[in-house]
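A.B. asks: Got a predicted model here, sequence first, then my questions.
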Amino acid sequence: MTDSDEENDIFEINDFTVVTPLEECSAAVEHFIQKWGLYDRRPLCSPQNWTLQVKESCTISFGENKLKIQYIQPVSPIIETKFDSDGNDIVVVEEHQNVPFALVEDLKNIKLGFDPNDGIVLQFGVREYLYVTPADGIANQITTEAECDTILGAIKLALHASRCEIPVIVLAKDGEQQIKHGYGTDGISSYNFSTVSLRTISQQHSHLNGLMAMFKEHINVKSMPDDDEIRITTRFHNFAEIRTDSFFRTLNARKLTMVPFGSYHYLPINVISVVATWKDFREDVMTENESHSDFDINHATFWTISLEQLDDSDKNLILTSALKAYLRTNEGRLSDKTSKEALGTFYTPQGTTAAFDKLTGGNAMTLKIGGTPISEIISEINGPMSPRFVNLWISLMFGDIRAEDLLNDEFKQMYSLQNRSTKHMNDIVFVIFEDLLYPDHPQNSLNTALFKAARQPSLGWKLAIAMLNIQVFENANVRSEPQLWLEFVKRLREKYENNEDIDICETSGQIDLSQCFFAQKLQLLQACVIARRKRYALLENATDVAHDEFFDAEDDFNESLRNLKLEEGGAQGRLKKLGNAKLFKNPNESIYVPITQDRSPMTEDMLDEQTDYLCNLNEEDRILAQLEPLRSDMMGFKAANPGCTIEDFLRWHSPKDFDESTGEVSERMRIPDNTWLKCWNTTKPVAVINQARLFNDTKLAEEVLELFENATIEQFRKWLKPIVFVVAFQRVARVLHENSVRCFDWIQKSNDAMRMLVVATNSDNEAKYAELSNWITKSEICLSAALHLESLFNSVSSSPTMLGPLPESQPKREFILKLVQNWYDKLHSPEPVDDLNIKPQDPIGRAVANFCDFENQEDKKNRIPERKEYILNWNVKRPSECNYKLPQRMYACLENEFNHICFSLGHDCNFNNTIMD
């Protein structure tokens, strides 16, 4: 052999130590099985009262893909809580014993049926399992069965190596076409889990008989005389459409005085889902084939009832829609415009106001005091709504008893001109629903003292209700709101100019600072009316001063009147005697209490302005500014009591500064040149009718009215916002306390909402307003649905097909509340919701069947369930007659778009087993 031949000889060595992805995956699974302690025998959880929990989770690699493994385990609830010697809680849970191959025990438990909500438990009948899914969703999705089998093969190695009896389920495809394969073994027997997903299924397999044939074909064993019968559980999903056609709200004057609530275009419940279950029957009991079915929905074991969500339910909620305008700021093309600007050409400006005419001409005798007939009210404010209709609405708001009948006539005329159908008026369900929403009986008022809003039923309260109604009024648009606002302000001016009460509920003339800005301004306007009346009364009784001179009694008051000298006995402005008191220096003359001026009432913003003004003055000017009321009282006292002294004034105005027994003034009044003495020495006797006004009601009233007239839409919405939310909360609370839907849990949540409302109105907290709006939305959805159900049950009482006893009030109410609460929780809570089961032959079940029209014989023949589900269980020897019996299971879900069939098939791995007696 040459050297070149030696160099050409190459010895290749194969390295068998390289770890393949399959081996790496298998090793990783085995590692976590050991780490989590999932080997050997497993405890069997109680078949009742259990929930599934994800106990462990990890991520492993299989080549370039990442797989997520979750360990799912059934957990029993806490049995009881005990305390140790130190007072610490000891949670006692139900103990479970280890059993041979817990998977087989789960499959034998045919009572599980459709009870579990978990998909794997329903499809394969196992409660404890390892679930393998792609870790990164679509990016690492397992798209073929070959990939699934490869991964499952790697996991099988780990299960055998670690002696793990927990089955593994691998998700092969996600989405609507889910394909799941799985495997479980205890070394003696093994189970294979598989699914078949089809868009269409053959006609012969679309019923129970065909599915049983398919089940037996897959098991592939010969039937033996000692074989158990197939046990079957089925459920059919039926959807009863009870939604009526679109309807219009039937309004009247009474409903305009109530906060709008409930449904807008149609009744809230569209569809009721009735899932009929036939539980655990033998294969020869029921027959279903292509031409015949024994499954009568009215004779099912039980029904599971639920409500279906409306796609646009929020848009169908009246109060929720109305409140949206008060949660938005600077939105919409008109929100930053005044009402006059928003109306545009619809608004015709007024000429010189009647108030100015009355101030500059005529006298008090020509002043018109009293109501203006509705027929004489002619508005220059046009808009989307009829001016006459708006005026009647405003009159109703101000308490005119004539307006209600006239408004009802307007509604009748409106509906007749539109040629509307009245079929809904003959719909008993609709009529009952409306009656429940707007009851005739009086309802308790809400204690509004907690909220910084307006008192019920003040004018501000009524306006807030009207503003909510205008948001959802049928013929309204974006200009309807400013039209109603301007008409309201116009009526305020008319009331003021005619010396009529602005608000019959607020006649004290005082400002309640615990109420909101808008309520305080209305109270100030009412105080101006009261002051104006008082001035006119004094003017009519005056004989020494001309009317026109009194009206001009401002800072430029006629100097001659200011310096008016009173002759002996020329007393003016006396109200009454001050008891038996006599003048200090003239014991023969009685002391008279003078007629004094009212102090100017101040709203919260006026008090803030006055505080800022006084803080910017020097000390001397600040004292003088604060002495104006005292100076006015002194002038009036001197005019009423000629020849009086400061001692006499103190006996009336400040009794604590004068000692009747000694006839001496207090120590502070003896201080030389004190403020009171200076003021007394500089004031002259001027009766109140001739004084400059401390409370310039004309000026303040005009300021309030101009503020309202020139307010932007966003501004008056902000003013009304606290009242709007209070009246909305009260509306929900009233419906909530109705007997038909009264529920402790809901009432408790309303108490929490009330606390939110207190914070929101007192601090103008936008976040709290938003939370409260969400609560109102939820409440309106649930209460509207509950009232609709109540009306459906009430309609059954007059149905000729409803036989037997009617549902009792308490069970009926519990059923309605549970049904609605389940529906809402299913939409908004991630937690599973307990099923609501009823028996179809109970009174509630018969009532549901009646308004769902399940008893109609024609419908029975034509009714096809939206979805049919079957669970077939069979204990049979497999793969041969020499093996032990093992439970076999098939789950089938047949519906229009997709059909899923899942198999849990077991094999006895010990072929030497014989039948043992």
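C.D. replies: In hand now; what should we look at?
A.B. asks: Low-confidence bits of the stretch 301-450 of the chain, can you list those?
C.D. replies: For the stretch 301-450 of the chain, the stretches with pLDDT under 70 are 309-314, 328-334, 345-380, 417-446.
A.B. asks: Go again with 90.
C.D. replies: Scanning the stretch 301-450 of the chain with the threshold set as pLDDT under 90 gives 306-322, 324-391, 399-405, 407-450.
A.B. asks: And for the stretch 451-600 of the chain?
C.D. replies: Scanning the stretch 451-600 of the chain for pLDDT under 90 picks out 451, 454-457, 469, 471-483, 498-514, 530-576, 578-589, 595-600.
A.B. asks: go with 70
C.D. replies: Within the stretch 451-600 of the chain, the stretches falling below the threshold (pLDDT under 70) are 474-476, 539-569.
A.B. asks: where do the helices sit along it?
C.D. replies: Using DSSP state H, counting those that start in this stretch, the helices of the stretch 451-600 of the chain run over residues 459-471, 480-497, 517-541, 547-551, 559-562.
A.B. asks: and Asn382, which of those helices is closest to it?
C.D. replies: Evaluated with CB to CB, those place helix 480-497 nearest to Asn382, the distance being 7.8 Å. C-beta: built from backbone N, CA, C; applies to glycine.
A.B. asks: helices or strands up against that closest one?
C.D. replies: helix 339-343, helix 354-360, helix 387-397, helix 459-471, helix 517-541, helix 697-709, helix 713-736 (3 or more CB pairs under 8 Å, 6 or more residues apart in numbering; DSSP states H and E).
A.B. asks: all helices for the stretch 51-200 of the chain, in order.
C.D. replies: 102-108, 119-124, 145-162.
A.B. asks: Looking at those, which is nearest to Val19?
C.D. replies: Minimum separation from Val19 across the helices of the stretch 51-200 of the chain (CB to CB) falls at helix 145-162, 11.9 Å.
A.B. asks: Just the buried residues of the closest one, please?
C.D. replies: Judged by neighbour count using 16 or more other CB atoms under 10 Å, the buried positions of helix 145-162 are Glu147, Cys148, Thr150, Ile151, Leu152, Ala154, Ile155, Lys156, Leu157, Ala158, Leu159, Ser162.
A.B. asks: helices or strands next to it in the packing?
C.D. replies: When contacts are defined as 3+ CB pairs under 8 Å, 6+ apart, helix 145-162 packs onto helix 21-36, strand 129-134, strand 168-173, strand 179-185.
A.B. asks: okay if I get the ones you listed as CSV plus mean pLDDT?
C.D. replies: Formatted as CSV, those follow (pLDDT from 0 to 100):
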stretch, mean pLDDT
helix 21-36, 89
strand 129-134, 90
strand 168-173, 85
strand 179-185, 90
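A.B. asks: so which of the ones you listed gets nearest Tyr592?
C.D. replies: strand 129-134 (96.6 Å).
A.B. asks: Also compute the angle for that closest one relative to strand 179-185, please.
C.D. replies: Strand 129-134 and strand 179-185 are oriented at 140 degrees to each other (axes from the mean of the first three to the mean of the last three CA atoms, to 10 degrees).
A.B. asks: helices and strands around strand 129-134, which ones?
C.D. replies: Using 3+ CB pairs under 8 Å, 6+ apart, the elements in contact with strand 129-134 are strand 65-75, helix 145-162, strand 168-173.
A.B. asks: nearest to Pro642, of the ones you listed?
C.D. replies: strand 65-75 (96.6 Å).
A.B. asks: quick one: that closest one to chain centroid distance?
C.D. replies: The chain centre lies 38 Å from the centre of strand 65-75; the measure is CA atoms, centre = their mean, to the nearest Å.
A.B. asks: list the helices and strands that strand packs on?
C.D. replies: So strand 65-75, by 3+ CB pairs under 8 Å, 6+ apart, packs with helix 21-36, strand 51-62, strand 129-134.
A.B. asks: now the shortest one, how far from the chain's geometric center?
C.D. replies: Mean C-alpha position of strand 129-134 versus that of the full chain (CA atoms, centre = their mean) differs by 39 Å.
A.B. asks: Direction included, what does it pair up with?
C.D. replies: Here strand 129-134 has these sheet partners by DSSP bridges: strand 65-75 (antiparallel), strand 168-173 (parallel).
A.B. asks: how far is the last one from where the chain is centred?
C.D. replies: If I follow you right, that is strand 168-173. 41 Å.
A.B. asks: And stretch 321-330, by the same measure?
C.D. replies: Worked out by CA atoms, centre = their mean, stretch 321-330 lies 15 Å from the chain centre.
A.B. asks: With His207 as the reference, measure out to Lys495.
C.D. replies: 77 Å (CB to CB, to the nearest Å).
A.B. asks: Repeat that for Glu881.
C.D. replies: 30 Å.
A.B. asks: Same check on Cys893?
C.D. replies: Distance of Cys893 to His207, given as CB to CB: 14 Å.
A.B. asks: What of Phe488?
C.D. replies: 68 Å.
A.B. asks: next one: Gly399
C.D. replies: Gly399 is 70 Å from His207, by CB to CB.
A.B. asks: okay, those two: which has more neighbours?
C.D. replies: Higher neighbour count among Gly399 and His207: His207, with 20 against 14, using other CB atoms under 10 Å.
A.B. asks: Settle this for me: that one is touching Thr287, isn't it.
C.D. replies: No: applying CB atoms under 8 Å as the test, His207 and Thr287 come out as separate, 9.2 Å apart.
A.B. asks: shared neighbours, those two?
C.D. replies: Common contact partners of His207 and Thr287 (CB atoms under 8 Å, 6 or more residues apart in numbering): Ser293.
A.B. asks: Give the bridge partners for the closest residue in space to His207 that isn't next to it in sequence, please.
C.D. replies: Distance criterion CB to CB, 6 or more residues apart in numbering; nearest residue to His207, sequence neighbours excluded, is Glu288 at 4.5 Å. Per DSSP bridges, the residues bridged to Glu288 are Ser293.
A.B. asks: Looking at the helices and strands packed on strand 65-75, spot the one closest to Thr195.
C.D. replies: Here strand 129-134 is closest among those (CB to CB), at 13.8 Å.
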